[in-house]
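Q: missing the sequence, but the structure's below:
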DNA sequence: TTTTAATCGAGACGGTACGTCTCGTCTTAAA
DNA sequence: TTTAAGACGAGACGTACCGTCTCGATTAAAA
């Protein structure tokens, strides 16, 4: 017997009569303001004005401007994902290159840096950022490294957590602290020194 | 050779009739507020109220709250300095331990993290922080590593800049991003893996 | 002779498929809110919530909260009407007593005072209130006084309009300005002084 | 020898470093907005914008817009005062003429009507208005009538309170309820009928 | 010792943005 | 078509701080 296919009505959920157009306008306005005016230039009033939206509409769906930015990050972070490559080492190299580009060029990278910045001021933001972004990222990397060990591409003694810190640490250090670019050759040496040299590449 | 007994009369400088008591009260108030209320809870009005000082007194000597915090950092950062040890490797190990403690326990470490956070929002702060804090720190480390190479304690092929990034990267990554403590054994392995193993320890 | 039982089908009016239950719920909710929270506490949102009715339902039938209150007044103002008495003077005395009670005790009197208040802020409300309430009231009084003159109960020289002002003026003055009660003896003296003493009483 | 007349320092009072220019700008802006846009068009934001003043400056000195209007009324109400005349009857006539003009033409009269209107919505406003305005006015009238009785210009049996109501009632009734002008001849008849005819005029 | 000038606590000022509230309109789904 | 529900653009509310300003009082150098 076919279930009544009525839209909504799944599991007591509210119908969510949300205006998608307004949602996108808010995310783009926030993004634009961050790029143009910097983090302190992103205000709820400013977003509302630029998006042609009422302040209340923003407060209805996002508790704070951090949450707006978190949403834009979520939408843009897919760019960091990597499809399977010939070798794990290559996958990791590609992934880190994507990250370096993201942090260095992409406007969305600005959002990530700004959120990491805000996380230093505000514990809930730190928690949200870990949950919504870093936890997922790290799990992917963990899985990838384990796969490499299982396949014999990486040394069995490799400490996975510390290897991840050793790979990401310098990248974020440069992005957050020294504000220097990381050239590709540097990045390649980094991967090599952490995962060991290999004939496979 | 008569010393100029006048209180600080060097090179056309104004007499600087500054109230040291007020200066310290401001720095402490800022520190306290940061610890109690977080970065956004540090306001000029709040500092003034807690320090029992007029707002104008703060604005007279510090252009912004970032500058107040930068001053507290300057006073506290001496703790990171390390006196010469038997080996360079040991000096570095000690130094990194100090940093990990500073970032993890010391209220002054909170100030550093907050300033790095603010630096993500605000380019001038980033520049100030590099100039006033990180440049000096890094120069010390650079010198230390070069000394190690000269003495033959470290490998001649060591890339100094990349080694510094490899040492500090994971520490700041944990402090800023994953918010995990770094145990001493982990730190020791880190130093070892970057500077190479050695009979000297 | 069966009366057409259809809900209000007078003179070419639209069928008015209006929910009488909702209508009454709105009027009562408005009344209650006025009594409990005062005029500014009467909001369309509040009425809708208390009446268990959608805002749109209110806006569909009443352009503004003033119109809602005007409707409650219309329903309650019948209490002010007076059936013919032995003498005009007695009729008027009764009428004024009713008004004093209405303004002093009756919740509906609150509505009238609130609307007079709003009329000071808002010319259309003033016009509506005159048309829908005061014009009719005054016409009744005008007619009554003229009847008294015709019957010889009142002096022929009595200026009708000024007599009405002289009777109502002090009552509304006390209700609106001094916020004092008007005792019955005072009221009786007032009638006497305006309409003259008379053996008829 | 006279005491050194230093300004300030009298009886522990604060210096009241209030900006008179801002104060006047606020009062005028409120007055203008009331005349142009009506009571609901008078907003703190609007006053601030038109007066070129910060909202906080208004909130610092006036708890609400009612208090702003009360201040403008206080300043303008002096126009209602009457210097001694040949007879009490004449004084009263003059006073009532002033009031009728005030209510009918003067922008400040608008303020009074608006405040009486608001007093219907809001008990504290009613109390404030009585205290700050009507109590003083009525006391003057009370005193004047008593003086008339003492001098033998008015009948000894005159009930002072009721006479005042009888004089002011119709004037406010017309201003607040019927919104009709009161011609001078009508006003003269009113005074005559309440205070009695007299050879003196 | 007197004068002069900078600093101090205090706090008013013109502003900006906050987060909340209510308005009156519009949209959706059910009855 | 009307209903209840509630999202939407709009805009005022009252608050918190911003950075600037003026005010007298205090303090320490220079005259």
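A: Ah, there it is. On a predicted model such as this, the values are computed, not experimentally measured, just so you know. Numbering: from 1, shown residues only, chains lettered A, B, ... in the order given.
Q: which residues of chain A lie near chain B?
A: A:38-40, A:113-114, A:116-123, A:126, A:130, A:134, A:138, A:159, A:162, A:165-166, A:168-174, A:176-179, A:186, A:189-190, A:193 (C-beta under 8 Å from any C-beta of the partner chain). C-beta: built from backbone N, CA, C; applies to glycine.
Q: ok, and the closest non-adjacent residue to residue A:164?
A: Excluding the flanking residues, the one nearest residue A:164 by C-beta to C-beta, 6 or more residues apart in numbering or on different chains is residue A:141, at 5.3 Å.
Q: so who does the spatially most central residue of chain A touch?
A: Centroid-nearest residue in chain A, with C-alpha atoms, centre = their mean: residue A:77, separated by 4.3 Å. Shown in contact with residue A:77 (C-beta atoms under 8 Å, 6 or more residues apart in numbering or on different chains): A:108, A:112, A:133, A:137.
Q: ChimeraX command to pick out the buried ones of the residues of chain A next to chain B?
A: Buried residues among the residues of chain A next to chain B (16 or more other C-beta atoms under 10 Å in any protein chain shown), as a ChimeraX selection:
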select /A:39,113,114,116,117,118,119,120,121,122,126,130,134,138,162,165,166,168,169,170,171,172,173,174,176,177,178,179,186,190,193
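Q: related to what we said a few turns ago, who wins for neighbours among the contacts of residue A:77?
A: Neighbour tally across these (other C-beta atoms under 10 Å in any protein chain shown): the maximum, 25 neighbours, falls on residue A:112.
Q: just give the closest residue to that one, not the sequence neighbours.
A: Nearest to residue A:112 is residue A:73, by C-beta to C-beta, 6+ apart, at 5.9 Å.
Q: in the helix or strand containing the one you found, what's buried?
A: Assessed by DSSP states H and E, residue A:73 sits inside helix A:65-76. For helix A:65-76, a neighbour-count test (16+ other C-beta under 10 Å) marks A:65-66, A:68-73, A:76 as buried.
Q: other SSEs contacting it?
A: Contacts defined by 3 or more C-beta pairs under 8 Å, 6 or more residues apart in numbering or on different chains; DSSP states H and E place helix A:65-76 against helix A:20-37, helix A:44-51, helix A:107-119, helix A:123-129.
Q: pLDDT on that helix, on average?
A: In this model, helix A:65-76 carries a mean pLDDT of 95.
Q: and residue A:174, what is it in contact with?
A: So residue A:174 contacts A:180-182, B:165, B:169 (C-beta under 8 Å, 6+ apart).
Q: cool, and residue A:157?
A: Counting by C-beta under 8 Å, 6+ apart, residue A:157 has no contacts.
Q: over to the one 5 residues further on?
A: Going by C-beta under 8 Å, 6+ apart, residue A:162 touches B:170, B:186, B:189-190.
Q: ok, now with 7 Å
A: Residues in contact with residue A:162, defined by C-beta atoms under 7 Å, 6 or more residues apart in numbering or on different chains, are B:186, B:189.
Q: which helix or strand contains it?
A: helix A:160-173.
Q: beyond that helix, next helix or strand please.
A: Taking DSSP H and E, what comes next after helix A:160-173 is helix A:184-195.
Q: residues making contact with that following helix?
A: A:89, A:92-93, A:96-97, A:100, A:154, A:163, A:166-167, A:170, B:162.
Q: closest to chain D among the residues you listed?
A: residue A:100 (47.2 Å; C-beta to the nearest C-beta).
Q: ok, the closest one to residue A:166 distance?
A: 15 Å (C-beta to C-beta, to the nearest Å).
Q: the helix or strand residue A:56 falls within - contacts with which helices or strands?
A: Assigned by DSSP H and E, residue A:56 falls within helix A:55-61. Contacts defined by 3 or more C-beta pairs under 7 Å, 6 or more residues apart in numbering or on different chains; DSSP states H and E place helix A:55-61 against helix A:44-51.
Q: so what does the helix it packs on touch, helix or strand wise?
A: For helix A:44-51, the packing partners by 3+ C-beta pairs under 7 Å, 6+ apart are helix A:20-37, helix A:55-61.
Q: got the angle for it vs helix A:65-76?
A: Angle, helix A:44-51 to helix A:65-76, by axes from the mean of the first three to the mean of the last three C-alpha atoms, to 10 degrees: 50 degrees.
Q: now the angle from helix A:44-51 to helix A:20-37?
A: Going by the same axes, to 10 degrees, helix A:44-51 makes 110 degrees with helix A:20-37.
Q: gap between helix A:44-51 and the chain center?
A: Distance of helix A:44-51 from the chain centroid (C-alpha atoms, centre = their mean, to the nearest Å) equals 24 Å.
Q: stretch A:119-135 now?
A: With C-alpha atoms, centre = their mean, you get 11 Å for stretch A:119-135.
Q: please apply the same query to stretch A:60-80.
A: Distance, centroid of stretch A:60-80 to centroid of chain: 10 Å (C-alpha atoms, centre = their mean).
Q: before we move on, what about stretch A:108-119?
A: For stretch A:108-119, the distance to the chain centre is 9 Å (C-alpha atoms, centre = their mean).
Q: same question for stretch A:169-183.
A: On C-alpha atoms, centre = their mean, the centre of stretch A:169-183 falls 16 Å from that of its chain.
Q: how long is that stretch from one end to the other?
A: 15 Å (C-alpha to C-alpha, to the nearest Å).
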